[in-house]
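> I would like the atomic coordinates for the input below:
(chains A and B)
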Protein chains: 2
Amino acid sequence: MPTMRTRKIRILHALLRAGDKRRLRRALERLDDVEIAQQLDNLETDDQLAALRLVPASRRAEIIGAMRYESAAGLVAALAPEEAASVVDDLDADDAVDILGYLPEGALSAILKQLDREDADEIEDLLAYDEETAGGRMSPQFFSCFPEATVRDALEVIQASEETPENAFYVYVCDEDDRLVGVCSLRMLVISRPEQPLRDIMLTEVTAVAADTDQEDVAEMVSRYDLVAVPVVDDQRRLIGVIDVDDVVDVIREEATEDILKMAGAGEDLADARSFTGALRVRWRWLMAAAVGGTLAALSLSGFDGILATAPELAFFMPVVAAMGGNIGIQSSTIVVRGLAVGYIEADRVRRLVVREVSLGVVMGLLFGTLIGLVSMGVAEPSTDPLRLGVVVALGTAGSMTIAAAVGTSTPLILDRLDIDPAVATGPFVTTSVDIAGLLFYFWLASRLLGLA
Amino acid sequence: MPTMRTRKIRILHALLRAGDKRRLRRALERLDDVEIAQQLDNLETDDQLAALRLVPASRRAEIIGAMRYESAAGLVAALAPEEAASVVDDLDADDAVDILGYLPEGALSAILKQLDREDADEIEDLLAYDEETAGGRMSPQFFSCFPEATVRDALEVIQASEETPENAFYVYVCDEDDRLVGVCSLRMLVISRPEQPLRDIMLTEVTAVAADTDQEDVAEMVSRYDLVAVPVVDDQRRLIGVIDVDDVVDVIREEATEDILKMAGAGEDLADARSFTGALRVRWRWLMAAAVGGTLAALSLSGFDGILATAPELAFFMPVVAAMGGNIGIQSSTIVVRGLAVGYIEADRVRRLVVREVSLGVVMGLLFGTLIGLVSMGVAEPSTDPLRLGVVVALGTAGSMTIAAAVGTSTPLILDRLDIDPAVATGPFVTTSVDIAGLLFYFWLASRLLGLA
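Below you'll find the model as predicted:
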């Protein structure tokens, strides 16, 4: 599958370069909306426009809705305002908002001016929510009925509606103050008698979220409760929107990407990495932390110049002592950070987790320390006692790994307790502190054991 | 919300310890099935059993179905076979299979013996599929009709069914050879006239997957096409099962966890980390790679003992030279590994990506190298020329970061081209090769610039 996709893209790319409109149009006809969207995502705006103009107008909104929001925004901004407005009008409201959120103020208001007053208001209302919350993800289009409505009434509401997204499979039941009081799935409607009032068949225990709920918490809830849609309510429990599961799927992928990138200190979004300056901006901080930490390490080690003059081969094992600590520290912290993110680590498990990680550090440290220590004995200078050098390297490695396991496990746990996102702050702190503490221990050992020799 | 959850768990945990059955039963009544499941996940098997016995039998299957599969399997294995069979009978078939997959052969066959012949066969068929494929994820329960069936017929099929999962919102249309020819959503059925044959209203372009499709590809498809369910077909395009979106949500979370853990060399599954020996087993490999790499680094550096005797302060800056490289290397490789996983990096972008990352390495390297080099001048020994030391540290850092950016970017791209999972092999290779190459470059520079002094 991936091979085929790649081949298709290359054809499109090549056809655009060659300017062969006839073959380009034929190639576009063979692709579905999602495939075209995926390819537009990887083209420059000029090429996107050229390709889009060859696609029938009726397909354009679907294609743009399936593109990455940021990339779609670039394309929408390049269209004439009337053209852009007609695309926006055909989009699902939640997709429209996600795309328009990337537009500069001027381009946005030019497009909104071309829309119906009502549609423009709806979009402006939705744009007011933070894009990473339930409000920013919800669609204002859903089916709703009063509790007194019958199954037949509800089915008629569904039949009459054109605007509601294809994946809407629930009818929400709201009282006269718009307050959410129940929900009926399409399936319940289908198996009930037409004259039954919804009040009699609806589920009254509805899982709903507030508009300012973090999208990550929404995703967690959907995953735990196997939901297909989540209603969003205001502080009066009035229904204001619905998040469909296809948006939740996107949220889960985005949040995973965010966590992965954060842990590597590489931003929060793959789009950050697209431009040189963008990458520079999101990545310099972690590197600065490493530079400061490393410089501090250098300064704190500089007191050990005496022992280093006595046994210069100590220097050659510094990288492996530090790296063994760094590696086990990253293992421990990754397990804890991810465990916290997916709710795998619960309060009553924390102590057991810390004990296990630290004992792993000790066991692995002694194991690998012995191995590396044995090798170090082979390269001891004539003036150094090989056995003592071996012991220093072995215990140095073991100490570095034990410290790293302890720091790697406890740092994210403490950050989480302090309500600081463990993904973002764990990495630099763990690697830097392990470098410093591990190597200080190593040189302290050396000055004790080799300094006396 | 997380705080509340934690408090509830502590109560249950405490009540179990105290053995207060009356208060425990009351506490259980206040929790929903998913909340109980979540708490059982964090208890030992004996405690799980004690709590489960206090819950009405009618809730037990729902609770067990909402637990983590592995944890649920431990509990099911601890039940008497008849009791276990009755729970399995009430579970959705796909959940049952996912749980039973963790049971030892003996326990499994004892339970299957207690089931109806037909149910047991169904489960055995499903157990034959690899659990990380579409076949291992699908449910064999779905709605299907012939193309000649009317809308009314289809609605009757839905009304007659009890076993099909709650989230089934599609009726699949199959010909007399069971071959999938179309699909109708419940919504299409609701808005169509009862006497219409399905043939006239069904969508014929159905996205279906083969049973051996990797679950990650299924998730990718669901995400791109905004699907709520994916039919699974055999090589004759006969419909054999359906994957519902709630399972896809789980797949996406699991795959993200797997990628995160793999990149840190910490296994593939958080459950690996649960026991000491399990953690040891999955984590020693990466550490061994780091140990071998670090030892090789030590051996290759040992030729530079002369220059180190001349300028021992070189040693103190080894950790920061290596760490700066390691950090930018991890940034680059993480962006590429995740970009490949979510389809963000397309063929025609690769060259641009490599150029950008390497130039980032050069720019950041010179920037941070200058900073660190300036500091190093302050700790130069009297016998060392501070300017030359500063230049060695600065250029060493810049070189290490440039090498790291190049290796970090190209390694996952090459592994991907060779069809090796970039997540699993990138980390150790990048950090180790950067340690070796970066430090060799640093000492080579030093012997050139300081050795001549």
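
> So, low pLDDT: which residues of the stretch 351-453 of chain A?
A:425, A:452-453 (pLDDT under 70).

> can you map out the helices along it?
Assigned by DSSP state H, counting those that start in this stretch, the stretch 351-453 of chain A shows helices spanning A:386-417, A:422-449.

> Next, work out how far apart A:L415 and A:V337 are.
To A:V337, A:L415 is 9 Å away according to C-beta to C-beta, to the nearest Å. C-beta coordinates here come from the backbone N, C-alpha and C atoms, glycine included.

> same question, A:I414
Between A:I414 and A:V337 the computed distance is 12 Å (C-beta to C-beta).

> Same drill for A:L415 and A:V337, tell me which one is more crowded.
Between A:L415 and A:V337, counted using other C-beta atoms under 10 Å in any protein chain shown, the more crowded position is A:V337 (28 against 20).

> Touching, that one and A:M263? I think so.
Yes: using C-beta atoms under 8 Å, A:V337 makes contact with A:M263 at a distance of 6.3 Å.

> what is in contact with these two at once?
A:423, A:426 (C-beta atoms under 8 Å, 6 or more residues apart in numbering or on different chains).

> which neighbours do A:L415 and A:V337 share?
Listed contacts common to A:L415 and A:V337 are A:422, A:426; contacts here mean C-beta under 8 Å, 6+ apart.

> Can you spell out the domain ranges of chain A, please?
Following automatic domain parsing, one gets these domains for chain A: A:2-128, A:143-256, A:271-449.

> Okay, now the shortest one: how far is its last residue from its first?
End-to-end span of domain A:143-256 (C-alpha to C-alpha, to the nearest Å): 31 Å.

> Distance from the chain centre to that domain, please.
Averaging C-alpha coordinates over domain A:143-256 and over its chain gives two centres that are 26 Å apart (C-alpha atoms, centre = their mean, to the nearest Å).

> ok, back up a step: compare the mean pLDDT across the domains of chain A and name the weakest.
Note on these: lowest mean pLDDT is at domain A:2-128, with a mean of 84.

> gap between it and the chain center?
With C-alpha atoms, centre = their mean as the basis, domain A:2-128 stands 24 Å off its chain's centre.

> before we move on, what about stretch A:114-130?
Centre-to-centre, stretch A:114-130 and its host chain are 27 Å apart (C-alpha atoms, centre = their mean).

> quick one: contacts of that stretch?
Stretch A:114-130 has contacts (C-beta under 8 Å, 6+ apart) with A:81-82, A:84-86, A:88-89, A:93-94, A:96-97, A:100-101, A:112-113, A:135-136, A:138, A:140, A:211-212, A:241.

> Next up, the contacts around the residue nearest to the spatial centre of chain A.
The centroid of chain A falls nearest to A:E255 when counting by C-alpha atoms, centre = their mean (2.3 Å). When contacts are counted by C-beta under 8 Å, 6+ apart, A:E255 touches A:215-216, A:219, A:341.

> Please list which of those residues also come close to chain B.
For chain B, the contacts drawn from those by C-beta under 8 Å from any C-beta of the partner chain are A:A219.

> Which of the contacts of A:E255 fall in helices?
Within the contacts of A:E255, residues falling in helices by DSSP state H are A:215-216, A:219, A:341.

> quick one on the thing from earlier: point me to the helix or strand that includes the residue nearest to the centre of chain A.
Assigned by DSSP states H and E, A:E255 belongs to helix A:245-263.

> after that helix, next one along is what?
Using DSSP H and E, the helix or strand that follows helix A:245-263 in sequence is helix A:276-301.

> Tell me which helix or strand comes right after that next one.
Heading C-terminal from helix A:276-301 (DSSP H and E), you reach helix A:305-310.

> helices or strands next to that following helix in the packing?
Using 3 or more C-beta pairs under 8 Å, 6 or more residues apart in numbering or on different chains; DSSP states H and E, the elements in contact with helix A:305-310 are helix A:422-449.

> roughly how far is the helix it packs on from the heart of the chain?
The answer for helix A:422-449 is 29 Å, by C-alpha atoms, centre = their mean.

> buried sites along it?
Using 16 or more other C-beta atoms under 10 Å in any protein chain shown as the test for burial, helix A:422-449 gives A:422-447, A:449.

> Same question for stretch A:155-172.
Residues of stretch A:155-172 classed as buried: A:155, A:158, A:164-165, A:167-172 (neighbour count, 16+ other C-beta under 10 Å).

> and if you look at stretch A:102-121?
So stretch A:102-121, judged by 16+ other C-beta under 10 Å, has buried residues A:102-103, A:107-108, A:110-112, A:114-115, A:119-120.

> would you list those in a markdown table and tack on secondary structure?
Shown next, in a markdown table, are the buried residues of stretch A:102-121 (DSSP: H, G, I helix; E, B strand; the rest coil):
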| residue | secondary structure |
| --- | --- |
| A:Y102 | coil |
| A:L103 | coil |
| A:A107 | helix |
| A:L108 | helix |
| A:A110 | helix |
| A:I111 | helix |
| A:L112 | helix |
| A:Q114 | helix |
| A:L115 | coil |
| A:D119 | helix |
| A:A120 | helix |
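
> which parts of the stretch 101-250 of chain A sit against chain B?
A:155, A:158-159, A:166-169, A:185-187, A:189-191, A:205, A:217, A:219, A:222-228, A:245-246, A:248-250.

> Cross these against helices and list the overlap.
A:155, A:158-159, A:186-187, A:189-191, A:217, A:219, A:222-225, A:245-246, A:248-250.

> Could you report the neighbour count for A:A96?
Neighbour count for A:A96, taken as other C-beta under 10 Å: 27.

> Oops, could you answer that again for A:A279 instead?
22.

> In contact with it, which residues?
Residues in contact with A:A279 (C-beta under 8 Å, 6+ apart) are A:267, A:272-273, B:356, B:360.

> Alpha carbons of stretch A:204-214, as PDB, please.
What follows is stretch A:204-214, C-alpha atoms only, in PDB (Å, rounded to 0.1, in the frame of the first residue of the first chain):
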ATOM      1  CA  THR A 204     -30.500   9.200  30.800                       C
ATOM      2  CA  GLU A 205     -26.900   8.500  31.900                       C
ATOM      3  CA  VAL A 206     -25.200  10.500  29.200                       C
ATOM      4  CA  THR A 207     -21.400  11.100  29.300                       C
ATOM      5  CA  ALA A 208     -21.000  14.700  28.400                       C
ATOM      6  CA  VAL A 209     -18.000  17.100  28.600                       C
ATOM      7  CA  ALA A 210     -17.700  20.800  29.200                       C
ATOM      8  CA  ALA A 211     -16.500  23.000  26.400                       C
ATOM      9  CA  ASP A 212     -13.200  23.800  28.100                       C
ATOM     10  CA  THR A 213     -12.300  20.100  28.700                       C
ATOM     11  CA  ASP A 214      -8.900  19.300  27.300                       C
END
